[in-house]
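**Q** Attaching a predicted model along with its sequence, questions to come.
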Amino acid sequence: MNTADKISELEKKAKAIRNSILDTIVCANKGHIGGSFSCTDVLVALYYGGFLRYEVSDPENSDRDRLILSKGHSCAALYSVLADLGFISHDKLKEFCQDGTDLGGHPDRSIPGIEADTGSLGHGLGIGAGLALSAKLNKKDFMTVVLLGDGECYEGSVWEAANFASHYKLNNLTAIVDRNGQCVTDFIQECNDLEPFADKWKAFGWEVRNINGHSFKDLLGVFSDFRSRDSQKPLMIIADTVKGKGVSFMERKIPWHHSVPKGKDLETARGELKT
Amino acid sequence: MNVKNETAISQVDIRDAFFEEVYSIASKDSDVMFLTADMGAFSLKKLKENFKKQYVNLGVAEQNLVSVGAGLTLGGKKVFLYAIAAFMTQRCFEQIKIDLCYMDLPVVIIGAGPGITYSTDGPTHYAVEDIAIMRSLPNIVIFNPSDSTMAKAAAGIAYKSKKPFYVRIDRGNYPLLYKSGYDFSGGVELLKEGRDLLIISTGAMVHRAIEVARRLKDYSIDAGVVDLYRIKPLNKERLLSFIDKTSRLVTLEEHTLSGGIGSIVSELLADSNRHISFKRFGLCPQDYRGWGSREWMRKSQGLDVEGLCEAIRK
């Protein structure tokens, strides 16, 4: 498959996943839709672009790559991917946030394909650093990927882990920040600006790459060597994204952190995601 | 009784006994990782020098200490975490809660200096809420050695634990209470029988309980002493079997009265419908701040031998 065809396939897949996220959240009448849509393309690139190593029939295979969704509130996106790949059933998504389910509003590692319990922000990068260090010590070649939110980077523990990962030269660790520029109640630039964001990570000893997190051309390019970089540094990918991406009235709008579309809004959302 | 009656002070510091055993375990199992938030100990120097790859000092970053420990465990390592007890349990409480306890990972959490061990360093360095906090978490085991025989055994028990394991490690030389090879699976031991009164204590305060029991003889009170060394999970049956043989009960701890072993025993009595004369001694939750020697601190809280005897006789 040439690159153009691959990109077209991935775009199609991303659309299907966004529809699945919408259905899942609407069915539950709960969930974090904005941040799920902003990281959808990153997840699709990782799981369907040939980058992540996983085995659906053997989710705990010791050679699998480990993806930690540190911004755990976006789990509707990851669950939709896991259901599409067959780690969990499609029907399972209908249990999302229902009484007695294990498919709650934040990830639990009892679910096949989930590596860590996350939901409280600022834990994933440290856990990922520990996993990456264990791989180095055990001479295993699996990669560890941690997906963070930019609002999550207010947590000091993120920077504790950032320092540690570069000191231990964890070049088998890749972190991606879903840089949608929003936290729950505000725009990051306005409430407590994180800039110069890339420089901060560079200063902490990371190789930093900036991409458009909705461009599969960028995503295919940035992950192409993530397993075989020459650098000793851990890799930070800052993916500029749009919160609520794919549904025009949700894009960059504060209320859509965790609102659920209803009535005409839902019709519009479905319409935009079908085309 | 499979315990020692001698009062000779052990030649081995309780902390060194623990870490010597950790060293021995780490030297035989290359999957053991020792992570410290810049906290040292005499025996750890050897570990750092001889097993460089198994020793990580990641600096005073307790949150990251726990999360990295969780990640290493997910990657197949057996992890020991080490920091001052106050910081080890409280700065990173949420990481312990989620990354270790909710995920039920068998990580060993070593808290140095429980209670008011670091008395002159002041309230920032006291670990007098740690039992209350840690025991609220699911899955975790809490172990509180009272002598160097138990401290040594605790390292092995922690190593073999399939659960998150919090061990409080005091420092100093204490009389040996247990014979080498003692089986610590019971969680609680009757160290001294007593007809009139039973004192339940834990950790270093067990020695204070023994001193008090001895002194109470002068007042014709025959007091027994129980060492509650595994605080969680509580061996309720065994503890009740000791309690049921007495008519008067006292708990003694170097921990705030909010949520420590006094609370644990209260809950046990309430839940098992036991009606017994009962008094708790520990640190007043409103008023334990201060700086001074450990003994001065204890006295200021009424936890000196005379103060306790007087309070018990009332």
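**A** Nice, I can see it. Values in this document were obtained by computation on a predicted structure and should not be read as measured data.

**Q** Please make it C-alpha for all contacts and neighbour counts, starting now.
**A** OK.

**Q** pLDDT score for B:Thr7?
**A** pLDDT for B:Thr7: 62.

**Q** Actually, B:Val12.
**A** On the pLDDT scale, B:Val12 gets 92.

**Q** And it, how close does it get to chain A?
**A** 34 Å (C-alpha to the nearest C-alpha, to the nearest Å).

**Q** Would you list the phi and psi of that residue?
**A** phi -110, psi 120 (degrees, to the nearest 10).

**Q** OK, contacts around residue 257?
**A** Going with chain A. A:His32, A:Ile33, A:Gly34, A:Gly35, A:Cys183, A:Val184, A:Lys243, A:Gly244 (C-alpha atoms under 8 Å, 6 or more residues apart in numbering or on different chains).

**Q** meant chain B, my bad for not saying
**A** So B:Leu257 contacts B:Ser263, B:Arg280, B:Phe281, B:Gly282, B:Leu283, B:Cys284, B:Pro285 (C-alpha under 8 Å, 6+ apart).

**Q** what does B:Val128 give?
**A** B:Ala86, B:Pro114, B:Gly115, B:Ile116, B:Glu254, B:His255, B:Thr256, B:Leu283 are the contacts of B:Val128 under C-alpha under 8 Å, 6+ apart.

**Q** a markdown table for the contacts of B:Leu257, including pLDDT and neighbour count?
**A** Converted to a markdown table, those look like this (pLDDT from 0 to 100; neighbours: other C-alpha atoms under 10 Å in any protein chain shown):
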| residue | pLDDT | neighbour count |
| --- | --- | --- |
| B:Ser263 | 98 | 16 |
| B:Arg280 | 98 | 19 |
| B:Phe281 | 98 | 23 |
| B:Gly282 | 97 | 24 |
| B:Leu283 | 95 | 27 |
| B:Cys284 | 88 | 15 |
| B:Pro285 | 77 | 14 |
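
**Q** quick one on the thing from earlier: possible to save the contacts of B:Val128 as TSV with secondary structure and distance to B:Leu269?
**A** Listed next are the contacts of B:Val128 as TSV, based on DSSP: H, G, I helix; E, B strand; the rest coil; distance: C-alpha to C-alpha, whole Å:
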residue	secondary structure	distance to B:Leu269
B:Ala86	helix	29
B:Pro114	coil	26
B:Gly115	strand	25
B:Ile116	coil	28
B:Glu254	strand	21
B:His255	strand	20
B:Thr256	strand	19
B:Leu283	strand	21
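
**Q** Pick the one among those residues closest to chain A.
**A** B:Ala86 (18.1 Å; C-alpha to the nearest C-alpha).

**Q** Does the closest one touch B:Pro123 like I think?
**A** No: B:Ala86 lies out of contact with B:Pro123 (C-alpha atoms under 8 Å); the separation is 9.5 Å.

**Q** if you count what's nearby, which of these two comes out ahead?
**A** Neighbours per residue (other C-alpha atoms under 10 Å in any protein chain shown) separate B:Ala86 from B:Pro123, with B:Ala86 holding more: 24 against 16.

**Q** Pull the contacting residues for the more buried one.
**A** B:Gly111, B:Pro114, B:Thr124, B:His125, B:Tyr126, B:Ala127, B:Val128, B:Asp130.

**Q** among those residues, which two are most distant?
**A** Distance extremes for the contacts of B:Ala86: the farthest pair is B:Gly111 and B:Thr124 at 14.3 Å, using C-alpha to C-alpha.

**Q** what's in contact with stretch B:270-282?
**A** So stretch B:270-282 is contacted by B:247-257, B:262, B:269, B:301, B:303 (C-alpha under 8 Å, 6+ apart).

**Q** one more time with 6 Å
**A** Stretch B:270-282 is touched from outside by B:Arg248, B:Leu249, B:Val250, B:Thr251, B:Leu252, B:Glu253, B:Glu254, B:His255, B:Thr256, B:Leu257, B:Gly262, with contacts defined as C-alpha atoms under 6 Å, 6 or more residues apart in numbering or on different chains.

**Q** With stretch B:102-111 instead?
**A** By C-alpha under 6 Å, 6+ apart, stretch B:102-111 touches B:79-85, B:88, B:162-169.

**Q** from those residues, which is closest to chain A?
**A** Scanning the contacts of stretch B:102-111 for proximity to chain A, where the rule is C-alpha to the nearest C-alpha, the winner is B:Val79, at 10.5 Å.

**Q** residue ranges of the strands in the chain, please?
**A** Here I'm looking at chain A. Shown for chain A, the strands assigned by DSSP state E span residues A:66-69, A:144-149, A:173-179, A:207-212, A:235-240.

**Q** not what I meant, chain B
**A** B:32-36, B:55-57, B:78-84, B:108-112, B:141-143, B:165-169, B:188-192, B:197-201, B:223-228, B:230-232, B:248-256, B:277-283.

**Q** I'd like the ones you listed laid out as CSV, including distance to A:Val81.
**A** Shown next, in CSV, are the strands of chain B (distance: least, C-alpha to C-alpha, whole Å):
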stretch, distance to A:Val81
strand B:32-36, 35
strand B:55-57, 36
strand B:78-84, 32
strand B:108-112, 35
strand B:141-143, 37
strand B:165-169, 36
strand B:188-192, 50
strand B:197-201, 53
strand B:223-228, 50
strand B:230-232, 40
strand B:248-256, 49
strand B:277-283, 53
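
**Q** Could you point out which of the ones you listed sits nearest A:Tyr54?
**A** strand B:78-84 (24.8 Å).

**Q** Note down every partner strand of the closest one and its orientation.
**A** strand B:32-36 (parallel), strand B:108-112 (parallel) (DSSP bridges).

**Q** average pLDDT across that strand?
**A** Here the average pLDDT along strand B:78-84 is 98.

**Q** can you give me the angle that strand makes with strand B:165-169?
**A** 40 degrees (axes from the mean of the first three to the mean of the last three C-alpha atoms, to 10 degrees).

**Q** And strand B:78-84, how far out from the chain middle?
**A** The chain centroid and the centroid of strand B:78-84 are separated by 15 Å under C-alpha atoms, centre = their mean, to the nearest Å.

**Q** Equivalent analysis for stretch A:30-37, please.
**A** The answer for stretch A:30-37 is 12 Å, by C-alpha atoms, centre = their mean.

**Q** A:Ser134: which of the contacts of A:His257 is nearest?
**A** For these, the nearest to A:Ser134 is A:Gly35 (30.2 Å; C-alpha to C-alpha).
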